[in-house]
Every structure is written in C-alpha cells, then in structure tokens.
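**Student:** Need coordinates for the following:
(chains A, B and C)
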Amino acid sequence: MPPRRKLPATALPEGDAAVAAICAVIRRIPKGWVATYGQVATMAGLPRRARLVGYVLRHLDPAIQIPWHRVVNAKGEVSYTLSRNGGDDEQRRLLEEEGILFNVGDRFALERYRWLD
DNA sequence: CTAATGACGAACT
DNA sequence: AAGTTCGCCATTA
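**Tutor:** You can find the predicted model right below:
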C-alpha cells in the first residue's frame, strides 16, 4: 500500500520526508492544545513553509489518523475556507470538545492554548 | 512559459 | 482593530 495521502506523484522537492515530518509534528500536539501552521512547519524543519502545512493537511487522506484539527492559524482561529465544505465547523467542534473556548470573534486565546515543545 | 490561487504569516497603513 | 501588501512556494489554469 502506498502512503496514505492524496498528493500528486510529483509532490514536493523535499519528497515524502517533508510530508512525514509534518505529520510527525502534528501527531505530537497534545490533546487540548494547538499549534499554528507556521509553528508546525518550523518544527518539521521547514521554516517559512506554513502554506505547505496547509497544503498537506488539505490533501491528507481522511482515513488517516492524525489530530489535524489542532493546527490553527496565527490569529488564533480556524482557517475558514469555502472549499472545505463545512470541514472547518467540524474542526471548531473538535477543539471545543477538547476544552478550547471560542469567543465571539470566532477566535480563542492562542497564547493560552498554544503548545510549546 | 506566465498568471492566479491558496487550511499562511509578518509587516504596514 | 481591521484591511492591505508582500513574501512564500506547490499546484493549477
């Protein structure tokens, strides 16, 4: 069986190693805590590659077991995108389920929930 | 080959 | 505080 992902065959210059590194970091985010896209990228050895993290998460096989919902943007909110067809609401639900409180601006106190290695 | 498009983010205005 | 601009870079048009 090939890797459980949906990336095109000619994916990244860094290859599967980059995808694996990103997933490895995300898997270490503790329950009830979050990490930003940029933070995950840096921790995976890919500084300034936040968009790549978003790209990988976007194309990840839904069946793969990974706490993808714990990855948020630097403003302390879930990145809402039309193309996600409600998947963003699901992310918020999962985070609230883990005890993260959202305020009226669809945001939460990032400084309070950010996972520091 | 060029241009636009992002699950992004920092710096400006 | 909120909107804009620019850097980022793989993918898509």
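**Student:** Quick check: residues of chain A near DNA strand B?
**Tutor:** Counting by CB under 7 Å from any atom of the strand, chain A comes close to DNA strand B at A:36-39, A:50-51, A:53-55, A:57-58, A:60, A:68-69, A:71, A:73-75, A:79, A:81-84, A:87, A:91. For glycine as for every other residue, the C-beta is placed from the backbone atoms N, C-alpha and C.
**Student:** where are the low-confidence patches of chain A?
**Tutor:** A:1-15 (pLDDT under 70).
**Student:** ok, now with 90
**Tutor:** Chain A contains residues with pLDDT under 90 at A:1-17, A:59-64, A:81-88, A:117.
**Student:** hey, where'd the strands end up in it?
**Tutor:** With DSSP state E, the ranges of strands along chain A come out as A:35-36, A:71-72.
**Student:** can you list those in JSON lines and add distance to A:Ile22 and mean neighbour count?
**Tutor:** Listed next are the strands of chain A as JSON lines, based on distance: least, CB to CB, whole Å; neighbours: other CB atoms under 10 Å:
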{"stretch": "strand A:35-36", "distance to A:Ile22": "11", "mean neighbour count": "22"}
{"stretch": "strand A:71-72", "distance to A:Ile22": "9", "mean neighbour count": "24"}
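**Student:** can you put those strands in a markdown table and add distance to A:Gly45?
**Tutor:** A markdown table is the format used below for these (distance: least, CB to CB, whole Å):
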| stretch | distance to A:Gly45 |
| --- | --- |
| strand A:35-36 | 15 |
| strand A:71-72 | 16 |
